[in-house]
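1. This is a predicted model, with the sequence first.
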Amino acid sequence: MTRVTNSFLLAVRLLAAGLLIPAVAGGEDAVQRTPVRLAAVPDQPLPTDEATVYRQDFEGSLTGASGEFRRGPGRWGTGLHLQMPDGRYDVDAAAWDWERQGTIEWWVQPRPAAQIWRNQGWHYFLHVRPEQPDGFQLDLWRHPLTSLRLSASRGLAPHGPIDQPPERIEIDTRNLDIDGWHHLLVSWDLRGDRQRIWLLLNGSGQQLCVPAGTFPPGRFASLEFGNRPSGWQTPFIPLDGAIDALRVQAESVANRLVEE
């Protein structure tokens, strides 16, 4: 009952703050979704290659962590534990040259006692903040309907976690191991006649295709992990768990996929 009440109160506060943006009428007609999977899920720390613009294993010096956090056991070696209520990890992305395609992948282990894969609360994983007001924006969170949800939108105006834009991907999380580490991958390619966006969980997920021009290519200001996007006038929306083995690349995941 408490979790349901907290979710309802968050919805009310988002409505009061005017942070809900309605889905575009008819937008679903222009969206295509297909199942995809990785040829192989990484079984060791991700290497740095020529496409890599950022890599963090949380073993050495650390900047960008704030609120309640600590270092602790990771997927390999040391990880970053983002704790209640305000733990977060932010990365400055302004200098990276990855306007039209990119991939962000990392490992997460939500605190087992929180059972966030199955409960009815919101938990934020990632906010990709555009540099320009009308830029391409991505938000990844666990939705109260027990799904992992990635939404794509235009501009800094926030899509609150109960908004349902047509440009979204959802993956059921109810059967996930609540004690284990899980591999997350978000990717996009805004080139060509169809713009493509991917969400994969433990190597399986979906590709979303939208018409060219739906989202404008542009630089990003920051990547924000583990809590509500900075500047949003909403309650904290914590991941409440650990992250590790983060890698960002200036190319899409397309060449690593196989057909289902």
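-> Arrived safely, thanks for sending.

2. The stretch 1-150 of the chain: strands as residue ranges?
-> All strands of the stretch 1-150 of the chain, identified by DSSP state E, counting those that start in this stretch, fall at 32-38, 52-56, 65-66, 69-73, 78-82, 88-92, 101-110, 123-130, 136-143, 147-154.

3. So for the longest one, what gets flagged as buried?
-> Neighbour counts over strand 101-110 (16 or more other CB atoms under 10 Å) mark Gln101, Gly102, Thr103, Ile104, Glu105, Trp106, Trp107, Val108, Gln109, Pro110 as buried. From N, CA and C alone the C-beta is placed, and that goes for glycine too.

4. Nearest to Pro85 among the residues you listed?
-> Nearest to Pro85, judged by CB to CB, of the buried residues of strand 101-110 is Pro110 at 14.7 Å.

5. Distance of that closest one relative to Thr48?
-> Distance, Pro110 to Thr48, by CB to CB, to the nearest Å: 27 Å.

6. who touches Thr48 in this structure?
-> Counting by CB atoms under 8 Å, 6 or more residues apart in numbering, Thr48 makes contact with Arg55, Arg247.

7. which helices and strands does the helix or strand hosting Ile197 pack with?
-> Assigned by DSSP states H and E, Ile197 belongs to strand 194-201. Contact here means 3 or more CB pairs under 8 Å, 6 or more residues apart in numbering; DSSP states H and E; on that basis strand 194-201 packs against strand 32-38, strand 147-154, strand 168-172, strand 182-189, strand 204-211.

8. low-confidence ranges in the stretch 1-150 of the chain?
-> Of all residues in the stretch 1-150 of the chain, those with pLDDT under 70 make up the ranges 1-29.

9. hmm, try it at 80
-> Low-confidence segments of the stretch 1-150 of the chain (pLDDT under 80): 1-30, 120, 145-146.

10. which stretch among the helices and strands packed on strand 194-201 comes nearest Thr63?
-> strand 182-189 (22.0 Å).
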